[in-house]
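Q: I need the structure of the sequence given here:
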Amino acid sequence: MLQDFQLSCQRILSGAVEALSGVRNRHGIAEILTVSHMLGMPIDLFLGVQPSVSDSLPDHPIALQILHLVVAVVLHRPTKITTNAHSSSSKDLRVQRTAFPITSLLEEAHAAIVVTLQMVSGVDSVSSLDAQALNLICEVLMYVRYLGNIVSQSVLDYSALQLPVDRISAISKQLPGAFTSFRDSALGLKNVTTLASGLGINEIWSMFYGNSFAVDEVLRLAKLAVQINGPSDFRRQILNLMAMAPLTRSLEDQVSASGMIEALQRRIQVDFEVCVTDGNEALQAPHLSTRLALLAMRSTLSENSKRAIGHLISIACDQPRSRIGHLLTYQQSLWLEDAERIGSLYNIPTITASLFAHWMNDVWGHQDGPAVLFRPVQLQSTLSVWNWKTIPMEKLAEYETDLHSLVQLVLLNSESVISVPEQLTILVKQSITKIASCFSKAGNTRTDSIAPGHIVDSRLLALPELGDALEHSAFERAVKFHVQPTFTAPDAAESRSEYLARLGLCWISVGKLLLDLFIPDAPINPAAVQSHIFGFWSRHAASLSKELALHSEFEELVSGNSKNGVTVHLQTTLAAAQENLTNGPPPVPLRDVSRLQMFWSEVMQFQNHVLSSQKLETLISLLKAGEDSASLMEQVVQTSMKGFMQRLQTVYKEFDDITFPILYALLHLQTGL
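A: Sure, this is the predicted structure:
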């Protein structure tokens, strides 16, 4: 086998040298050089000859491409991989099934290079069709080498596979009929690696990338806020940091929340022997209903509402030892209203997603869940707080704070003129348009919000306008399958209970829509996909730069010129490669591939077993029928979702950028149920 390979290399090398000699001979004839002079020239000297202006096929790019293919055939044998190379570190059957098509493609690529060299060997001039095939095969070679590096690793990285597989498949379709076998192998690998689900993962991840629940940072700051022994202004600074922590990935200068927290800790004096004031529990429910009203009003906050929010924050920050974590979304609401000032610093859709996600999370943190929203919480809290007979004198300052806070909450709620179901309807419509904005063309910035005029139709559970997002085939299919059946025209005689049931189904459908579009059937890391693409072009540009430097140095030594046809060609190629480096990768470190596979394995298992379509449909049918077993079944599902969400946030902290859209979807499912 080795002897056959060496003989094949010798034949290919001889043919390639013959082709290169033909190129040199043509230049010799053109320059009227003697045979003895030509034989004394270095083998690469012909590459320095300036191309003829009338020559449609310059020789030096063709010669360089032939040399690259010769080196690939002679020095690089096809990478051999086996299924055992990756199956030991992953139980993903798909990863194991991918090994054979990759091996087949690498072998076919080697054969395609041989065919290409045979096409250009022993001919007086290279035809335009052969030159096109030569150029395409050289581009294939670039990606095949990268693919060989990927499969040589101990764990197969699906994120790294995306670029070479997509590009090789696209290029193979342009090759002539002599490369049919290679084209079939490329398309075969493409079919194996193409996702069957999660077809919107990159678009959704990019939109939600700036968001994070930032659990660790928020908890550290909340603890610090009640331990301050110093000026009250520090509590306001801490609140600003708490509101900023879930948004730090959206900052242009990538401010580190952890770094700011450490700097703040060094500046202030902390007293660890403190008695923390938990706050009046009677105000927890009014806060949730008030935040719901603010989310529904969105961009229509009045000056009175903004002043009330400011007073609410000031009252809490002026009260020592009291918790202020529940105020971070109020601060974010003020930032959102002041978009003109912070627009250059914050991504506005990031703030809206953070407000919505943290509100849903806090609703489920309440002991009664969403049911608390349908109670007369303002009346109950007023009666509870104004019952001063049970308040001891030592709690007078805290009681006064509760009274002032209640007044501000009442003022805020007085701005809303629509009911809770109508507010929830507006929110679920905003969720759909938020997801749709992930798939809209650049420049369409209004798809993530409901226009104020739509509030008059807030009770109408009709599918909002999704614009050009429906041009994305995966999104259009998911909308038709999950969302359209629930967002139907209401019956004129529809009762309140029927309307609420249909509203719950709409929330569930949005959660299912997001999970379908985001959870892939292969272990993909969207951040790693972008990082691998950037890394590939960085290495390719560096290689071209070295090649250009060598040719420039050689030309200067031989002729004293600073450039020639070869260097001009390489400079053009380098500039084209550098165009792919204009936007750097996201500042997310590459995570362990084995951990990524474990993460997606758990997510897919949870989706298939706990949130399977059959189980959800059964639960929904039981709830509609009012069966006694439905309540227990719902409680089991809710508990499972809550536990799974906590596990993702604690066990897989390094994947918080991937976790956020999943949690966002699960919170919709919880609310709908």
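Q: Met360: helix or strand, and which one exactly?
A: Using DSSP states H and E, Met360 sits within helix 348-365.
Q: in that helix, what's buried?
A: Neighbour-count burial for helix 348-365, with 16 or more other CB atoms under 10 Å as criterion, is recorded at 348-364. C-beta coordinates here come from the backbone N, C-alpha and C atoms, glycine included.
Q: so in this structure, where's the weakest helix or strand by average pLDDT?
A: Lowest mean confidence among the helices and strands of the chain (mean pLDDT, DSSP states H and E): helix 35-39, at a mean of 46.
Q: all helices of the stretch 351-500 of the chain, in order?
A: Secondary structure of the stretch 351-500 of the chain by DSSP state H, counting those that start in this stretch: the helices cover 377-385, 396-413, 420-437, 473-478, 496-518.
Q: most tightly surrounded among the ones you listed?
A: Highest mean neighbour count of the helices of the stretch 351-500 of the chain: helix 420-437, a mean of 22 (counted as mean count of other CB atoms under 10 Å).
Q: give the contact list for the residue nearest to the spatial centre of the chain.
A: When CA atoms, centre = their mean is applied to the chain, the residue found nearest the centroid is Trp205 (2.4 Å). Trp205 makes contact with Phe518, Pro526, Ala527, Asp657, Ile658, Pro661, according to CB atoms under 8 Å, 6 or more residues apart in numbering.
Q: and the helix or strand where Val71 lies, what does it pack against?
A: Assessed by DSSP H and E, Val71 sits inside helix 59-75. Helices and strands touching helix 59-75, by 3 or more CB pairs under 8 Å, 6 or more residues apart in numbering; DSSP states H and E, are helix 2-30, helix 93-120, helix 128-151, helix 565-578.
Q: may I have it exported as CSV, CA atoms only?
A: The C-alpha trace of helix 59-75 is given here as CSV (Å, rounded to 0.1, in the frame of the first residue of the first chain):
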residue,chain,number,x,y,z
ASP,A,59,0.0,31.9,-15.1
HIS,A,60,1.3,32.7,-11.6
PRO,A,61,-2.0,32.1,-9.8
ILE,A,62,-2.4,28.8,-11.6
ALA,A,63,1.2,27.9,-10.8
LEU,A,64,0.7,28.6,-7.1
GLN,A,65,-2.5,26.6,-7.1
ILE,A,66,-0.7,23.6,-8.7
LEU,A,67,2.1,23.8,-6.2
HIS,A,68,-0.4,23.8,-3.3
LEU,A,69,-2.1,20.7,-4.7
VAL,A,70,1.3,19.0,-5.2
VAL,A,71,2.2,19.6,-1.6
ALA,A,72,-1.2,18.3,-0.4
VAL,A,73,-0.8,15.1,-2.4
VAL,A,74,2.9,14.4,-1.6
LEU,A,75,3.1,15.5,2.0
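Q: thinking again about what came up before, got CSV for the helices of the stretch 351-500 of the chain, with mean pLDDT too?
A: Below are these laid out as CSV (pLDDT from 0 to 100):
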stretch, mean pLDDT
helix 377-385, 69
helix 396-413, 74
helix 420-437, 87
helix 473-478, 90
helix 496-518, 88
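Q: for those, which one sits closest to Leu623?
A: Between Leu623 and the helices of the stretch 351-500 of the chain, the shortest separation by CB to CB is 7.8 Å, and it involves helix 496-518.
Q: how many neighbours does the closest residue to Lys173 other than its chain neighbours have?
A: Excluding the flanking residues, the one nearest Lys173 by CB to CB, 6 or more residues apart in numbering is Arg183, at 6.9 Å. Neighbours of Arg183 under the rule other CB atoms under 10 Å: 20.
Q: tell me the contacts of Arg183?
A: Ser172, Lys173, Leu175 are the contacts of Arg183 under CB under 8 Å, 6+ apart.
Q: I'd like to know which of those are buried.
A: Restricting those to buried positions leaves Ser172, Leu175, with burial counted as 16+ other CB under 10 Å.
Q: who wins for proximity to Ile238 among the helices of the stretch 351-500 of the chain?
A: Comparing the helices of the stretch 351-500 of the chain by CB to CB, helix 396-413 comes nearest, at 17.6 Å.
Q: may I have the closest one as PDB, with CA atoms only?
A: Extracted C-alpha coordinates of helix 396-413, given in PDB (Å, rounded to 0.1, in the frame of the first residue of the first chain):
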ATOM      1  CA  LEU A 396     -42.100  52.500  63.000                       C
ATOM      2  CA  ALA A 397     -39.400  53.500  60.500                       C
ATOM      3  CA  GLU A 398     -40.000  50.400  58.400                       C
ATOM      4  CA  TYR A 399     -43.800  50.900  58.600                       C
ATOM      5  CA  GLU A 400     -43.400  54.400  57.300                       C
ATOM      6  CA  THR A 401     -41.300  53.100  54.400                       C
ATOM      7  CA  ASP A 402     -44.000  50.500  53.600                       C
ATOM      8  CA  LEU A 403     -46.700  53.200  53.500                       C
ATOM      9  CA  HIS A 404     -44.700  55.400  51.100                       C
ATOM     10  CA  SER A 405     -43.900  52.400  48.900                       C
ATOM     11  CA  LEU A 406     -47.600  51.400  48.800                       C
ATOM     12  CA  VAL A 407     -48.600  54.900  47.700                       C
ATOM     13  CA  GLN A 408     -46.100  54.700  44.800                       C
ATOM     14  CA  LEU A 409     -47.400  51.300  43.800                       C
ATOM     15  CA  VAL A 410     -51.000  52.600  43.800                       C
ATOM     16  CA  LEU A 411     -50.000  55.500  41.700                       C
ATOM     17  CA  LEU A 412     -48.300  53.300  39.200                       C
ATOM     18  CA  ASN A 413     -51.200  50.900  39.000                       C
END
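Q: circling back: figure out how far the helix or strand that the residue nearest to the centre of the chain is a member of is from the centre of its chain.
A: Per DSSP H and E: Trp205 is located in helix 201-208. Mean C-alpha position of helix 201-208 versus that of the full chain (CA atoms, centre = their mean, to the nearest Å) differs by 4 Å.
Q: mind listing what's buried in that helix?
A: For helix 201-208, burial by neighbour count (16+ other CB under 10 Å) applies to Ile201, Asn202, Glu203, Ile204, Trp205, Met207, Phe208.
Q: I'd say Leu648 and Ala665 touch.
A: No: contact criterion CB atoms under 8 Å: Leu648 and Ala665 do not qualify, at 11.8 Å.
Q: the more surrounded of the two?
A: Per other CB under 10 Å, whichever of Leu648 and Ala665 has more neighbours is Ala665, with 25 against 22.
Q: might you report the residue contacts of the more buried one?
A: Val510, Gly511, Lys512, Leu514, Leu515, Phe518.
Q: what mean pLDDT does the helix holding Met360 have?
A: Helix 348-365 carries an average pLDDT of 79.
Q: what angle separates it from helix 496-518?
A: 120 degrees (axes from the mean of the first three to the mean of the last three CA atoms, to 10 degrees).
Q: what packs against helix 348-365?
A: helix 284-297, helix 328-337, helix 420-437, helix 656-672.
Q: and the two most separated of the contacts of Trp205?
A: Phe518 and Ala527 (13.9 Å).
Q: which one of the buried residues of helix 201-208 is nearest Trp600?
A: Closest to Trp600, out of all of the buried residues of helix 201-208 and judged by CB to CB, is Ile201, at 10.5 Å.
Q: from what I see, the closest one and Ala528 are in contact.
A: No: look at Ile201 against Ala528 with CB under 8 Å: they stay out of range, at 11.8 Å.
Q: count of neighbours near the closest residue to Glu139 other than its chain neighbours?
A: Leaving aside its chain neighbours, Glu139 sits nearest to Ile171 (5.8 Å; criterion: CB to CB, 6+ apart). Around Ile171 sit 20 other residues, with neighbours defined as other CB under 10 Å.
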